[in-house]
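Asks: here are the coordinates; sequence isn't available:
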């Protein structure tokens, strides 16, 4: 009788672990929605993202805000950003579409998708 109970218990435990894996595979994946619901970024049709510096001024993005604030105060960064805007028609068009003055752009980065990330004061 003792071995029958052990066999039944082992079967129940193995069935529970297999069904748990199947349940985990059928549930909806967890998605980070902070970038889409926080409205910190505006995405243009040309693959250009515009990020406003003040939108990063919170506890979650403190390090990024500090880094970008230093770039915003750098004349070298401003000069590079202005040169890129004048040489890239897609970036200039995205700024115009979003009513962003080119003089407020202080940094431009290449995005992982091949687009540009434009940081604005």
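Replies: Happy to help now that I have it. Note that the structure is a prediction, hence the values are computed from the model and not measured.

Asks: so residue 108 sits against residue 120, correct?
Replies: No. Applying CB atoms under 8 Å, one finds residue 108 not in contact with residue 120, separated by 10.2 Å. Quick note: C-beta positions are derived from backbone N, CA and C, even for glycine.

Asks: quick one: which of those two has more around it?
Replies: residue 120 (22 against 19; other CB atoms under 10 Å).

Asks: residue contacts, residue 109?
Replies: Going by CB atoms under 8 Å, 6 or more residues apart in numbering, residue 109 touches 116-117, 119.

Asks: quick one: contacts for residue 118?
Replies: Here residue 118 is in contact with 48-51, 81, 91, 94-95, 100, 105, 107-108 (CB under 8 Å, 6+ apart).

Asks: can you pull the pLDDT of residue 120?
Replies: Residue 120 carries a pLDDT value of 93.

Asks: angles on the backbone of it, please.
Replies: phi -120, psi 140 (degrees, to the nearest 10).

Asks: hmm, back to that, which of the contacts of residue 118 fall within helices?
Replies: Using DSSP state H, the subset of the contacts of residue 118 located in helices is 81, 91, 94-95.
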